[in-house]
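Undergrad: Turn this into a model:
(one chain, ligands or ions: 3)
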Amino acid sequence: MISSDSMMPEGFARLFAQKKLTAAVFLPVEVNGHVGMYLCFCESEKKKKWENADVKFINDVKRIIQTILTKRITKNSLASSYASLEAILENVGCAIYVRDPQTGHILYANEKYQKFFKKTLEELPLSPVSLQDATETKNGLFREIYSEKENRWFDCYSTHIQWVDGRKVTLCTIYDVTDKKLYQQKIEKQANNDFLTGLYNRMRCEQDLQHFVEDTHESGGEGALLYIDLDDFKHINDGLGHQYGDILLKNISSGLKQIPGVNDNCYRMGGDEFIILISHKVYPNLHNIIDRIKAEFARPWRLKGTEYYCTMSMGVVRFPTDGDTVEELIKKADIAMYDAKCAGKNRVAYYDENVISTSFKRLDLEKNMRNATRNAFDEFEVYYQPITDISKPGMPCSGAEALIRWNSRELGVISPTEFIPLAEYLGLINPIGSFILREACMRCKYWNDMGHPDYKVNVNLSVVQLLQNDIVEQIAEVISETGIDPKNLTLEVTESLAINDMNRMKKILADIKKLGVRVALDDFGTGYSSLNHIREMPIDVIKIDRCFIIDIGKDDFSNAFVKMVAELASAIDVNVCVEGVETKEQLDILMGSKIQLIQGFYFGRPMTAREFEEKYL
Ligand code: C2E
Ligand code: MG
Ligand code: MG
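TA: Residues are numbered from 1 along each chain as shown. Ligands and ions are numbered 1, 2, ... in the order given. This is a model prediction of the structure:
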């Protein structure tokens with residue numbers, strides 16, 4: 001405040017001179033705590049000394065200006081912050097709107113909402129703000145909405161806020177999550193589906209089974225699980241090649257899916273195993289469905305221009321009666337299925353609490369056998385049973401049949417009749433079989449080197465082994481590695497009805513024979529061997545099964561059978577070996593016929609290599 005008589009700093013004196021001022025008041029005007037401007041009152045005409053009244057007036061003016069200024073600034077900044085807020089809301093990537101819940105009027109909606117969502121959402125039966133079946137979240141309510149028409153998914157959040165005028169309104173934000181959803185579905189599909197057949201897989205089966213079991217608990221009804229395993233699928237796979245095996249699996253899958261009541265509840269568990277789940281709603285139709293499945297497998301499948309039959313064995317387990325956990329049910333159905341296999345395949349077996357002990361033993365057997373084949377076969381030992389040539393003077397030993405013994409650390413000694421079928425079923429016969437072949441050839445080569453160059457060894461080959469694509473190469477490799485003279489190796493095969501393809505079998509045997517090894521037809525007379533096959537198949541030895549020897553001398557049929565086979569064989573230049581000779585009487589009867597070879601307890605039981613060598617080397 002400078003009056004005309006005031007002393008003033010130099011800068012002011014210059015300003016006063018320049019502007020011809022005589023007195024002045026400079027007042028800072030503050031807005032929001034900052035000096036926004038200066039208010040200046042100047043006198044230039046007369047000398048002036050500022051009075052109290054002047055000061056009061058000036059201060060009043062200042063206050064008025066200050067108020068106006070503050071209002072202006074607030075208004076300006078509100079406008080600009082509103083503009084930036086709007087810019088933000090338009091660009092957030094989701095739709096936002098505010099709605100008055102009382103009137104239903106939309107009070108605000110961003111452009112995204114107007115342009116992209118309004119139409120879609122208006123067409124939906126449920127408004128996104130409706131609170132039905134919404135989930136509570138920390139920040140309000142959440143709902144997922146699907147527009148079937150557009151195949152789009154939306155995540156909707158709604159919460160209450162206070163509107164500018166103080167009323168309570170609903171704020172909704174809507175996100176289009178379609179891309180995320182489609183990706184998620186793709187991943188889920190990959191996780192749930194079997195790649196080859198398009199059926200659901202094991203994982204999905206377990207989930208669905210869980211729900212079905214829960215449903216039966218709630219509804220009081222009953223459901224069932226059908227466990228299907230194709231019979232001898234390996235033969236088709238190995239025989240025709242995997243691509244045809246795949247075609248068959250696909251055909252079977254689509255056949256199963258079309259059975260009413262099965263539909264989507266058919267699962268491929270891996271390999272040639274399928275599960276069908278019967279919910280409590282479909283359960284009254286169980287027997288119909290099983291009949292339809294059976295019918296599906298009773299017809300031939302066309303593969304490679306030929307008709308093939310592929311049967312199945314089925315295990316049926318009911319829930320919750322037979323069990324109510326996923327694991328238990330699948331295990332029990334597997335047990336029932338295995339019983340169907342043991343009873344001769346191509347049939348249905350229902351789970352029965354009474355067969356449980358034998359079947360659990362089977363699972364034990366399976367586990368232990370897998371371990372045994374992993375552990376360098378040290379639980380397996382090859383025994384040798386002498387074969388005697390009764391056509392020569394002194395009836396010398398002509399060699400031995402190699403017979404496998406399994407001395408399991410966990411389960412004790414297990415007979416081959418018990419574990420070989422399971423090994424075949426599990427495919428473990430291949431590694432076990434090649435172990436036996438190698439061992440036996442090594443042994444025989446040793447005997448030949450130790451002064452018995454004509455001793456032969458017989459090795460049993462399972463059909464499963466025979467149908468491996470590279471079986472001929474495998475045998476050739478063992479021959480060359482062990483150095484055995486191939487004419488001293490006889491491979492015993494049993495004929496099986498399961499061999500759909502007789503021509504293929506003949507070809508395999510012919511190829512094996514080209515290596516110089518001999519082929520014996522084992523267990524002759526027990527299976528479906530027809531005499532025709534003997535003529536057609538390239539075999540060197542027929543082994544007459546033990547069951548004909550038990551009654552020889554007492555039973556006319558047995559006598560005639562043995563005699564007839566011996567005559568026939570000698571006519572086509574095939575050797576005959578009789579198995580299971582236990583007594584002198586049996587031997588005496590056979591001595592008179594055209595039989596050359598005898599194998600049985602009378603001459604010697606199966607024994608360790610060491611025992612055999614002590615006795616016969
Ligand atoms: P197989 O090939 O017919 O073997 C002959 C079976 O008859 C042997 O039983 C043998 O011990 C038994 N045997 C021999 N002489 C007599 C006798 O005088 N009286 C009686 N009661 N039995 C006699 P084993 O060793 O229990 O083998 C049973 C079957 O298991 C074999 O029948 C064969 O089919 C299979 N097997 C055994 N070892 C192997 C193998 O290394 N590989 C394959 N694939 N199968 C094998
Ligand atoms: Mg044999
Ligand atoms: Mg035999």
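Undergrad: which ones are touching the residue in the stretch 1-150 of the chain that ligand 3 sits nearest to?
TA: Taking CB to the ion as the measure, the point where the stretch 1-150 of the chain comes nearest ligand 3 is residue 146, at 66.9 Å. Every C-beta, even on glycine, is put in place using the N, C-alpha and C of the backbone. Listed by CB atoms under 8 Å, 6 or more residues apart in numbering, the contact set of residue 146 reads 152, 153, 154.
Undergrad: Try it again at 7 Å.
TA: residue 153 (CB atoms under 7 Å, 6 or more residues apart in numbering).
Undergrad: got the CA positions of the helix or strand that contains it in PDB?
TA: For residue 146, the element it lies in under DSSP states H and E is strand 140-147. Written as PDB, here are the backbone C-alpha positions of strand 140-147 (Å, rounded to 0.1, in the frame of the first residue of the first chain):
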ATOM      1  CA  GLY A 140     -21.200 -56.200  -6.400                       C
ATOM      2  CA  LEU A 141     -23.000 -58.800  -8.400                       C
ATOM      3  CA  PHE A 142     -21.600 -60.900 -11.300                       C
ATOM      4  CA  ARG A 143     -23.500 -62.700 -14.000                       C
ATOM      5  CA  GLU A 144     -22.400 -64.500 -17.200                       C
ATOM      6  CA  ILE A 145     -24.700 -64.000 -20.100                       C
ATOM      7  CA  TYR A 146     -24.800 -66.000 -23.300                       C
ATOM      8  CA  SER A 147     -26.400 -64.800 -26.500                       C
END
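Undergrad: for the very next helix or strand once past it, which positions count as buried?
TA: The helix or strand immediately downstream of strand 140-147 is strand 152-162, counting by DSSP H and E. By neighbour count, and taking 16 or more other CB atoms under 10 Å as the criterion, the buried residues in strand 152-162 are 152, 153, 154, 155, 156, 157, 158.
Undergrad: Stretch 409-429 too?
TA: Residues of stretch 409-429 classed as buried under the neighbour-count rule (16+ other CB under 10 Å) are 411, 414, 416, 419, 420, 422, 423, 424, 425, 426, 428, 429.
Undergrad: Is it correct that the fifth one falls within a strand?
TA: Going back to what we said before, that points to residue 420. No - counting by DSSP: H, G, I helix; E, B strand; the rest coil, residue 420 is not part of a strand but helix.
Undergrad: Tell me which residues touch it, please.
TA: For residue 420, the contacting residues are 429, 462, by CB under 7 Å, 6+ apart.
Undergrad: ok, now the third one?
TA: Counting by CB under 7 Å, 6+ apart, residue 416 touches 403, 404.
Undergrad: any idea which helix is longest in this structure?
TA: helix 52-91 (DSSP state H).
Undergrad: the domain parsing of this structure - what is it?
TA: 2-88, 93-181, 221-351, 363-616 (automatic domain parsing).
Undergrad: Comparing those domains by mean pLDDT, which bottoms out?
TA: Set side by side, these show their lowest mean pLDDT on domain 93-181, which sits at a mean of 80.
Undergrad: So what would you say the end-to-end distance of that one is?
TA: The separation between the terminal residues of domain 93-181, taken as CA to CA, to the nearest Å, is 17 Å.
Undergrad: before we move on, what about stretch 254-266?
TA: Taking CA to CA as the criterion, the two ends of stretch 254-266 lie 10 Å apart.
Undergrad: Quick check: which element contains residue 370?
TA: With elements taken from DSSP H and E, the one containing residue 370 is helix 356-374.
Undergrad: distance between the following helix or strand past that helix and the chain's centre?
TA: Scanning the chain past helix 356-374 towards its C-terminal end, the next helix or strand to appear is strand 380-389 (assignment: DSSP H and E). Taking CA atoms, centre = their mean, to the nearest Å, one finds the center of strand 380-389 at 43 Å from the center of the full chain.
Undergrad: Show me what strand 380-389 is packed against.
TA: strand 397-408, helix 429-449, strand 597-599, helix 609-616 (3 or more CB pairs under 7 Å, 6 or more residues apart in numbering; DSSP states H and E).
Undergrad: report the angle between the axes of the last one and strand 397-408?
TA: The reference is to helix 609-616. Inter-element angle recorded for helix 609-616 and strand 397-408: 160 degrees (by axes from the mean of the first three to the mean of the last three CA atoms, to 10 degrees).
Undergrad: Pull out the buried positions in helix 609-616.
TA: Taking 16+ other CB under 10 Å as the neighbour-count basis, helix 609-616 is seen to contain the buried residues 609, 612, 616.
Undergrad: Put together JSON lines for these, with distance to residue 66 on each row.
TA: Formatted as JSON lines, these follow (distance: CB to CB, whole Å):
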{"residue": "609", "distance to residue 66": "116"}
{"residue": "612", "distance to residue 66": "121"}
{"residue": "616", "distance to residue 66": "126"}
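Undergrad: how about the residue in the stretch 351-500 of the chain that ligand 3 sits nearest to, secondary structure?
TA: Of all residues in the stretch 351-500 of the chain, the one sitting closest to ligand 3 is residue 492 (6.9 Å; CB to the ion). Residue 492 carries the three-state label strand when classified by three-state DSSP.
Undergrad: So what pairs up with it in the strands?
TA: For residue 492, the residues forming beta bridges with it (DSSP bridges) are residue 460, residue 520.
Undergrad: For it, the count of nearby residues, please.
TA: Counted with other CB atoms under 10 Å, the neighbours of residue 492 add up to 21.
Undergrad: doesn't residue 462 make contact with it?
TA: No - counting by CB atoms under 7 Å, no contact exists between residue 492 and residue 462, whose distance comes to 10.0 Å.
Undergrad: For the most centrally placed residue in the chain, what are phi and psi?
TA: Within the chain, the residue whose C-alpha comes closest to the C-alpha centroid is residue 202; the distance, by CA atoms, centre = their mean, is 4.9 Å. Comment: the main-chain dihedrals of residue 202 come out as phi -60, psi -40, following degrees, to the nearest 10.
Undergrad: thinking again about what came up before, out of the buried residues of stretch 409-429, which is nearest to ligand 2?
TA: residue 416 (9.6 Å).
Undergrad: Residue 598 bridge partners, please.
TA: Each beta-bridge partner of residue 598 is listed here, defined by DSSP bridges: residue 388, residue 578.
Undergrad: my read: it touches residue 579, true?
TA: No - assessed by CB under 7 Å, residue 598 is found out of contact with residue 579, at 8.4 Å.
Undergrad: Between these two, which has more neighbouring residues?
TA: Neighbours of residue 598 and residue 579, each counted by other CB under 10 Å, are more numerous for residue 598; the result is 26 against 21.
Undergrad: Please give me every residue in contact with that one.
TA: Counting by CB under 7 Å, 6+ apart, residue 598 has contacts 388, 390, 578, 581, 587, 590.
Undergrad: of those, closest to residue 260?
TA: Looking at the contacts of residue 598 and their distance to residue 260, the nearest is residue 578, at 55.8 Å (CB to CB).
Undergrad: Distance of that closest one relative to residue 548?
TA: When CB to CB, to the nearest Å is applied, the distance between residue 578 and residue 548 equals 8 Å.
Undergrad: which of those two has more neighbours?
TA: For residue 578 and residue 548, the more surrounded residue by other CB under 10 Å is residue 578, and the numbers stand at 28 against 22.
Undergrad: Where does the stretch 201-350 of the chain get nearest to ligand 1, which residue?
TA: Proximity of the stretch 201-350 of the chain to ligand 1 (CB to the nearest ligand atom) peaks at residue 234, 14.4 Å away.
Undergrad: Name the nearest residue to that residue, ignoring sequence neighbours.
TA: Using CB to CB, 6 or more residues apart in numbering and skipping the chain neighbours, the partner closest in space to residue 234 is residue 464 (5.9 Å).
Undergrad: Contacts only, for the one you found.
TA: Under the contact definition (CB under 7 Å, 6+ apart), the residues listed for residue 464 are 234, 424, 427, 429, 430.
Undergrad: Ok, residue 255 next?
TA: Residue 255 sits next to residue 296 when contact means CB under 7 Å, 6+ apart.
Undergrad: List the buried residues of the helix or strand harbouring it.
TA: Secondary structure here is read from DSSP H and E; on that basis residue 255 sits in helix 242-257. By neighbour count with 16+ other CB under 10 Å, helix 242-257 contains the buried residues 244, 245, 247, 248, 249, 251, 252, 253, 255, 256, 257.
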